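**Student:** Generate a structure from the sequence data that follows.
(chains A and B)
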Amino acid sequence: MKIAVLSGKGGTGKTFVSVNLVAASSNAVYVDCDVEEPNGYIFFKPQELITQNVSVKIPVVDPNKCDGCRKCVEFCKFNALAYIGGKIIIFDDVCHSCGGCVLLCPQKAVSEKEKVIGKIETGISENVKAITGILNTGEASGVPIIKKLIDDISSNCNLNIIDCPPGSACVVMESIKDADYCILVAESTIFGTHNLNMVYELIRLF
Amino acid sequence: MRIAIPVEDKSMKSKVCISFGRTPYFLIYETATKEAEFLDNSAAASQGGAGIKAAQAIADNGVVALITPRCGENAAAVLKPANIKLYKTMNDSIQDNIEAFINGNLALLDDIHPGFHNHGGN
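**Tutor:** Below is the predicted model:
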């Protein structure tokens, strides 16, 4: 089972609720999807850490094969490519790694390289398994790391508590997409209520 | 010389637009013939990378100089290899800026900002 803990507003107590649910269970997995500032590991102090890098695919153009047709430039919805002075310019930070430019290039001039954007640390703390997603500072999106975290727990039959990032954007949607239940943690302020309503509206879509 | 200015409307009386990447239109002005045309900025509705797409359009239109209140780093990374010079607007009047440019009174734009990336910034 997967239970996602989310709040909209930051600092309401998502991690507080998550780590306590995990600690109260006899055999649970704690999954920290707040990859921009993961902090659940502070409470569990996981040992025997296993680290795996998470990378995304970024296009590379072979200038000898490119004939300047600009199909890739026109295709890219995120405008991650430009064609200036007979050369393709690629903006790594704008690229969403969809691979469309690679598929589309009639000259097969576009290939892909791996770019590491963060890592996943898995460790053990007594009978708790703690998995932490960590996005490298300066990277634009934590979605690929969260995707990997959720994929990694998809096959286990334990109780998984997913500590979500704040807000109601893509990173939250990615964190809750496979959840069986969501727990919403709210702060009793106007701002807290406003953001509670936003995440409530969001989870109704799933 | 073909110059470009981001503008609010398709009129010489319109004002300069504060945003380069998400301006609704570009004025493309030929200083030799005083001919003006207005280009729809298809990048304005982009989900991301508006500056890159707008800069590509400016380069494709054979512009030599861009007069703009500001410019982001991704747009600048496209404009620079296209050898397009960047000048900073002096006020929001199209006519004033064209005159100042022709008289050599506009300063080069050198404070390239890191971009707003969907986080507003007017």
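
**Student:** Can you name the residue of chain A nearest to chain B?
**Tutor:** Nearest residue of chain A to chain B, counting by C-beta to the nearest C-beta: A:Asn79, 2.9 Å away. For the C-beta atoms, the positions are set from N, CA and C on the backbone; glycine is no exception.

**Student:** my guess is that residue meets A:His96, correct?
**Tutor:** No. Assessed by C-beta atoms under 8 Å, A:Asn79 is found out of contact with A:His96, at 10.7 Å.

**Student:** follow-up on the earlier one: what score does the residue of chain A closest to chain B have for pLDDT?
**Tutor:** A:Asn79 is assigned 97 on the pLDDT scale.

**Student:** Could you look up the SS state of residue 74?
**Tutor:** No chain was given, so I picked chain A. Put simply, A:Glu74 is helix when judged by DSSP: H, G, I helix; E, B strand; the rest coil.

**Student:** My question was about chain B, not that one.
**Tutor:** Relying on three-state DSSP, one would call B:Asn74 helix.

**Student:** measure the residue of chain A closest to chain B to B:Thr89 for me?
**Tutor:** As judged by C-beta to C-beta, to the nearest Å, A:Asn79 and B:Thr89 stand 24 Å apart.

**Student:** And A:Pro38, by the same measure?
**Tutor:** From A:Pro38 over to B:Thr89 (counting by C-beta to C-beta), the distance is 44 Å.

**Student:** in a strand, that's where A:Ser18 is, yeah?
**Tutor:** No. Looking at A:Ser18 with three-state DSSP, it is helix, so not inside a strand.

**Student:** Number of residues surrounding it?
**Tutor:** When neighbours are defined as other C-beta atoms under 10 Å in any protein chain shown, A:Ser18 has 28 of them.

**Student:** pLDDT wise, what is it at?
**Tutor:** Taking A:Ser18 on its own, its pLDDT is 98.

**Student:** again with the one 3 residues further on
**Tutor:** Among the per-residue scores, A:Leu21 shows a pLDDT of 96.

**Student:** C-alpha coordinates for the strand or helix carrying it, CSV please?
**Tutor:** Element membership for A:Leu21 (DSSP states H and E) is helix A:14-24. Extracted C-alpha coordinates of helix A:14-24, given in CSV (Å, rounded to 0.1, in the frame of the first residue of the first chain):
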residue,chain,number,x,y,z
LYS,A,14,4.3,16.5,6.4
THR,A,15,7.6,15.0,7.4
PHE,A,16,6.5,15.0,11.1
VAL,A,17,3.4,13.0,10.2
SER,A,18,5.3,10.8,7.7
VAL,A,19,8.1,9.7,9.9
ASN,A,20,5.8,9.0,12.8
LEU,A,21,3.5,6.8,10.7
VAL,A,22,6.5,4.9,9.5
ALA,A,23,7.9,4.6,13.0
ALA,A,24,4.6,3.4,14.3
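
**Student:** Convert the strand or helix carrying A:Ser175 to PDB, retaining C-alpha atoms only.
**Tutor:** Following DSSP H and E, one finds A:Ser175 within helix A:170-176. The C-alpha coordinates for helix A:170-176 follow below in PDB (Å, rounded to 0.1, in the frame of the first residue of the first chain):
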ATOM      1  CA  CYS A 170       4.300  18.600 -11.200                       C
ATOM      2  CA  VAL A 171       6.600  17.300  -8.500                       C
ATOM      3  CA  VAL A 172       3.500  16.700  -6.200                       C
ATOM      4  CA  MET A 173       1.500  15.100  -9.100                       C
ATOM      5  CA  GLU A 174       4.400  12.700  -9.700                       C
ATOM      6  CA  SER A 175       4.600  11.800  -6.000                       C
ATOM      7  CA  ILE A 176       0.900  10.900  -5.600                       C
END
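
**Student:** what helices or strands is it leaning on?
**Tutor:** strand A:2-6, helix A:143-153, helix A:190-203 (3 or more C-beta pairs under 8 Å, 6 or more residues apart in numbering or on different chains; DSSP states H and E).

**Student:** Identify the bridge partners of the residue lying closest to A:Ile153 once chain neighbours are set aside.
**Tutor:** Counting by C-beta to C-beta, 6 or more residues apart in numbering or on different chains, A:Ile153 lies nearest to A:Asn160, which is 4.9 Å off, once chain neighbours are set aside. In this entry, A:Asn160 is beta-bridged to A:Lys2, A:Val29, by DSSP bridges.
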